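Mind looking at a prediction? Sequence and model below.
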Amino acid sequence: MNAIGEERDTRRHLVKNDLLFVDFDGTISLIDTGIAVIDALDLDEAWELEHQWRRGEIDSMQCLAGQWGMVDLPPRAVYRMIDSLELDDEFSVLAEAAIEIGAGLVVVSDGLDFYVDRMLGRLGWQTCEGDEVINRPRHCIPRFANHAQVTDSGIRISFPHRNRACDQCGNCKRAHLERLREHFSRVIYIGDGHSDLCASRHADMVFAKAALAADFDAAGDAYTPFETLEDVNAVLLAPYRAQ
């Protein structure tokens, strides 16, 4: 790393041309959406799939397809359940600050686009394709997620962002990070789960909690702990709040 890179990496606050990678489930949503659904429906078999995925016995695509395939509800009931889940309002503070500072922000989820789009809409945000982050859009939140259609006969899932060279996650967050980072000066990763581990290890700065923090602790790698996005904003936006 050259001297410029070393100086850049020591900064703790968000600056122009930084790229924020923000996980959705458990980070923007206060609890994991899929877990909330299987808990509400008391789907023990769905929990077994979750444990198999966490142990590395199946990939996330098998886990997601199996879990959501157990959801036997009409669309209106699915949407009603999604609409009951809480979000971290501080996400909008971070997104608006990124726009004003000239940083990029992209939401990366190994969950499903139908609920990511719907829930961000509750915060007043439209979503757009993740690669739009290169253009620093002001009117939408770029996002990458697995695709789903909620139908009368069930929830149909597809994986447009899978990486067949790895094929462990439906939405390969690392591939997005490596492709996009050339358009930015630094990558800041914010996440909480196992699906964040691969990508976050290639970021310049990491905010982690829950399973992701445990993984970083086990590896002895540096990160900044957080509980809510208010903690993240207190670090990244501190100079701007002081003005």
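Done, it's in.

make it CA atoms for all contacts and neighbour counts henceforth
Will do.

least trustworthy helix or strand in the protein by mean pLDDT?
Here the helix or strand of the chain ranked lowest by mean pLDDT, DSSP states H and E is helix 3-9, holding a mean of 36.

Would you mind identifying the next helix or strand past that one?
Next helix or strand after helix 3-9 toward the C-terminus (DSSP states H and E): strand 18-23.

so where do the strands sit in the protein?
With DSSP state E as the criterion, the chain has strands at 18-23, 104-112, 126-129, 140-151, 154-158, 186-191, 205-208, 224-225.

Mind listing what's buried along the fifth one?
By neighbour count, with 16 or more other Cα atoms under 10 Å as the criterion, the buried positions of strand 154-158 are 154-155, 157.

Please identify which of those residues is nearest to Glu57.
Distance to Glu57, by Cα to Cα, is smallest for Ile157 among these, at 20.4 Å.

Low-confidence stretches in the chain?
Low-confidence segments of the chain (pLDDT under 70): 1-10, 165, 242-243.

Of the strands of the chain, give the one that comes closest to Gln168.
strand 104-112 (10.7 Å).

could you list every residue that touches the closest residue in space to Glu230 that isn't next to it in sequence?
Spatially, and ignoring its direct neighbours in sequence, Glu230 is nearest to Glu90 (5.8 Å; Cα to Cα, 6 or more residues apart in numbering). Shown in contact with Glu90 (Cα atoms under 8 Å, 6 or more residues apart in numbering): 229-230, 233.

ok, now how distant is Glu90 from Ala222?
Distance, Glu90 to Ala222, by Cα to Cα, to the nearest Å: 24 Å.

residues contacting Arg136?
99, 102-105.

Tell me how many other residues crowd the closest residue to Asp44 other than its chain neighbours.
The shortest distance from Asp44 to any non-neighbouring residue, by Cα to Cα, 6+ apart, is to Ile38 (7.9 Å). Look at Ile38: counted by other Cα atoms under 10 Å, it has 18 neighbours.
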